[in-house]
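Novice: sequence and predicted structure below; questions after.
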Amino acid sequence: MNALDKAAFKKFIQAFDFTTLFNELGWDYLNEDLPKKAGDKTFLLKAVAHKEGFRIFVCNPDEEGKISDSNIRKKIHTEISRLYFEHLIIFIDRDKTTQVWQLVIREYGKPQRIKQVTWYRHQEPELLYQRLSGVFFTIDETDKLTIVDVTHRLKENFGVNAEKVTRKFYDVFKKEHTRFLKFLKGIEDNIARDWYASLMLNRLMFCYFIQRRRFLNNDENYLRTKLKEVQAEKGKDKFFKFYYDFLKTLFHDGLGSPNHSKELKKIIGNIPYLNGGLFDTHRLEAEYPKIQIDDAAFEHIFNFFDEWNWHLDVRPETAGNEINPDVIGYIFEKYINDRAQMGAYYTKEDITQYISKNCIIPFLFDETQRNYNKAFNPDSWLWTMVKESGDRYIYDAVKLGINTNDMWADLPEDVKEGLDPNQPDLVEKRRCWNRPAPSEVALPTEIWREVIYRRKRYADVRQKIENGTVTHINDFITYNLNICQLAQDVIANTSDPKLIQHFYIAIAGRSRDLKNSAIEPRQGITILDPTCGSGAFLFAAMEILKPLYDECLQRMDEFVQEHPGKHSFFEQVLSDVDNTSIHPNRDYFIYKSIILRNLYGVDIMNEAVEIAKLRLFLKLVAMVEADYNKPNMGLEPLPDVDFNIRAGNTLIGFATETELKRAFEGKLDFDNDTEKIKEKCDIVARTFTRYKEIQLSDINDFEDFKKAK
């Protein structure tokens, strides 16, 4: 795993495969059994990894198959500490439903504290992922490490609250944004000033992310270095030189232009051409050509930014001051919350994921079926696979605590008494169903009544699967089955290359240059969020599409290798995908394809659109390492997403190209017919909404219409 791949991490956690997990994290292999007594019981601890003397242990469950209580766990820690002072223990149960990760944190002058992270099988392992992302060790680090370094890394990761880190960043960022406004001159309109300040800070944050990956003149502190150079050359009394003489040049002529002359390189150094539109001359810069920003503004903001470690990879906060591009979405979320009176609402990740997967995957199945129906007949391989899948597609949360041999065997006797609905005094016998159920059989906050209903639901859905009732993708939504797992299983297990071909075309579309005359050029899936904000739904859609792209391309590889020359469509696709002279790598190609082919967003807030674009660009840049021996440092110029992600009013819409041309050429003929005047006012209003963002209400009457035209 490069740094820490989330999908691979999830797989290792769900399989309780800690040996492979820590091996992928760069830890050294270890296989030692260590029996230890705690009270009157003996526990077997298995050492699975170590780094410079710091050991990772897995503790088997007690005789009943359960994880021991906190007092016993403390005693086990004390016994282990006699041999290995620095360690982490992972407690597991026999049925592999729960993990408790326990680390003792010792700080000088403070009492030691035990930090625990508990994971249940029905949960996403997000919190564990946050904690372990920062304990990845590279080969280059190994020679310099000591046990103190390893202990410090573990302590920082398990001791820090990731949400506090982003909150802390935002709290200070909000103040810095307000301070930045005080140094910004040349824009009188307050809304425009606030917008431009946000734009500048977004550009600077983008630069901070990529400079830490050494994309800017191979200097991790590029902006700070250039600020000092400009002040040394121009003098600190020249207050606006950094913005006027350097930043505008860096943005417009450097990052935003493909041609870097020798003279330009003397000013900005060796930097890549990024394209993407983020660094083009902004409409505010064209409208207000006399913008000035005092050097002091950049001194303050760089002082703030330098307090943080900026990481372009997707690992969350680790050492208490590390941030990744997701922090930009958090900033916007808080910004939206502060402006809730506008009717704006930030949708949480679990909701965006649920809605996205249940829209996107059914569409892909329906589109594939429309063009290749035989693979979806009720008696086809696909639905036969589902029929024989048992409970594979029932979510783990629904299956929690269920013994498939006898679902009711583990119920307390008084709870069992209420199972028969055809008995007297049923209300009284079921009164005990209202008490909380234990965690080994229940989801958080579940009472016995809910456990029983959930088990009945499990039995009912499983019976429908085994009876062959599930024969359409919409059935997966009806019964709340794991639709993402089905999509990946279909691609991974089918022996029919035509099914792979049509499924891939449903995702990515088909261009005219692909060699298969039997299939007409088609557009792949397009996903529009009409109020996209900072891109929460778009990123949820991206995370659903990415593994499907991956799986399709992997199967294409397999078919081509098994039968060279037989699958011309696959060969052409793979030729384009793996052309490293165009694309740095396959991941970059996939993300770029998703961004350009599949994702579209509109939002009325300009700041939201800027942030959504920035986050998409950073997702692409994160796929590439700077290589100064390659053209443009090995970085493919970022795609222009101005067509995909744009500011506008979804309710009003945009004028057509014909309407636009006629409006600006003055060829919109009109008479005194009130309806025609209104219609043509609407056209011009929509035209200006597109290019000058004037609301329809700004054009109130016939005279305004003539002036606007």
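Specialist: Good, I have the coordinates.
Novice: so which residues of the stretch 1-150 of the chain form strands?
Specialist: All strands of the stretch 1-150 of the chain, identified by DSSP state E, counting those that start in this stretch, fall at 28-38, 41-51, 54-59, 87-92, 98-105, 113-120.
Novice: show me what counts as buried in the last one.
Specialist: The reference is to strand 113-120. Buried residues in strand 113-120, counted by 16 or more other Cβ atoms under 10 Å: 115, 117, 119, 120. Any C-beta I mention is one placed from the backbone N, CA and C, and that applies to glycine too.
Novice: same question, stretch 394-407
Specialist: So stretch 394-407, judged by 16+ other Cβ under 10 Å, has buried residues 394, 398, 399, 400, 401, 402.
Novice: same check on stretch 81-92?
Specialist: Buried residues in stretch 81-92 (16+ other Cβ under 10 Å): 86, 87, 88, 89, 90, 91, 92.
Novice: now swap in stretch 636-647 and tell me
Specialist: Using 16+ other Cβ under 10 Å as the test for burial, stretch 636-647 gives 636, 638, 639, 641, 644, 645, 646, 647.
Novice: any chance of these in a markdown table, plus pLDDT?
Specialist: Shown next, in a markdown table, are those (pLDDT from 0 to 100):
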| residue | pLDDT |
| --- | --- |
| 636 | 78 |
| 638 | 76 |
| 639 | 78 |
| 641 | 84 |
| 644 | 89 |
| 645 | 89 |
| 646 | 86 |
| 647 | 84 |
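Novice: which pair of those spans the longest distance?
Specialist: For the buried residues of stretch 636-647, the maximum inter-member distance is 25.8 Å, found between 636 and 647 (Cβ to Cβ).
Novice: just the buried residues of stretch 636-647 now: which is nearest residue 581?
Specialist: residue 636 (9.9 Å).
Novice: which SS state does that closest one fall under?
Specialist: When classified by DSSP: H, G, I helix; E, B strand; the rest coil, residue 636 comes out as coil.
Novice: I'd say it and residue 584 touch.
Specialist: Yes - using Cβ atoms under 8 Å, residue 636 is in contact with residue 584, at 5.9 Å.
Novice: just the strands in the protein please.
Specialist: In the chain, the strands defined using DSSP state E lie at 28-38, 41-51, 54-59, 87-92, 98-105, 113-120, 184-185, 292-293, 309-310, 322-323, 527-529, 599-603, 645-647.
Novice: worst mean pLDDT among those?
Specialist: Mean pLDDT across the strands of the chain is lowest at strand 322-323; the value there is a mean of 70.
Novice: could you find the closest non-adjacent residue to residue 480?
Specialist: residue 395 (7.2 Å; Cβ to Cβ, 6 or more residues apart in numbering).
Novice: now the buried residues of strand 113-120 as a markdown table including distance to residue 76?
Specialist: Formatted as a markdown table, these follow (distance: Cβ to Cβ, whole Å):
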| residue | distance to residue 76 |
| --- | --- |
| 115 | 16 |
| 117 | 17 |
| 119 | 19 |
| 120 | 21 |
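Novice: what's near enough to touch the most centrally placed residue in the chain?
Specialist: By Cα atoms, centre = their mean, the chain has its centre lying nearest to residue 539, at 5.7 Å. By Cβ atoms under 8 Å, 6 or more residues apart in numbering, residue 539 lies in contact with 329, 352, 615.
Novice: can you check residue 223 too?
Specialist: So residue 223 contacts 204, 207, 208, 211, 216, 298, 302 (Cβ under 8 Å, 6+ apart).
Novice: okay, and which of those map to helices?
Specialist: 204, 207, 208, 211, 298, 302 (DSSP state H).
Novice: in those residues, find the pair that's most separated.
Specialist: Those two in these that are separated most widely, counting by Cβ to Cβ, are 211 and 298, at 14.0 Å.
Novice: tally of neighbours for residue 594?
Specialist: Residue 594 has 26 neighbours, counted by other Cβ atoms under 10 Å.
Novice: pLDDT value on it, please?
Specialist: Confidence score, pLDDT, at residue 594: 94.
Novice: equivalent analysis for residue 285, please.
Specialist: 91.
Novice: was I right about it contacting residue 292?
Specialist: No - applying Cβ under 8 Å, one finds residue 285 not in contact with residue 292, separated by 11.8 Å.
Novice: list residues touching both of residue 636 and residue 584?
Specialist: residue 624.
Novice: can you map out the helices along the stretch 301-450 of the chain?
Specialist: 326-338, 349-371, 381-387, 396-399, 413-416, 426-429, 448-466 (DSSP state H, counting those that start in this stretch).
Novice: same thing with the stretch 151-300 of the chain?
Specialist: 162-182, 190-211, 222-234, 241, 248, 262-268, 283-287, 295-305.
Novice: just to revisit the earlier point, in ChimeraX, select just the buried ones from the contacts of residue 539.
Specialist: A single ChimeraX command is used to select the members of the contacts of residue 539 judged buried by 16+ other Cβ under 10 Å:
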select :329,352,615
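Novice: just put the contacts of residue 539 in CSV and tack on distance to residue 467 and pLDDT.
Specialist: Shown next, in CSV, are the contacts of residue 539 (distance: Cβ to Cβ, whole Å; pLDDT from 0 to 100):
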residue, distance to residue 467, pLDDT
329, 44, 70
352, 34, 86
615, 45, 86
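Novice: any chance of CSV for the contacts of residue 539, columns distance to residue 158?
Specialist: Supplementary listing: the contacts of residue 539 in CSV, determined by distance: Cβ to Cβ, whole Å:
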residue, distance to residue 158
329, 25
352, 28
615, 28
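Novice: which one of the contacts of residue 223 is nearest to residue 523?
Specialist: residue 207 (35.2 Å).
Novice: apart from its chain neighbours, what residue comes closest to the closest one?
Specialist: residue 223 (5.8 Å).
Novice: show the pLDDT at the one you found.
Specialist: pLDDT at residue 223 comes out at 95.
Novice: what's the spacing between it and residue 118?
Specialist: Counting by Cβ to Cβ, to the nearest Å, the gap from residue 223 to residue 118 is 42 Å.
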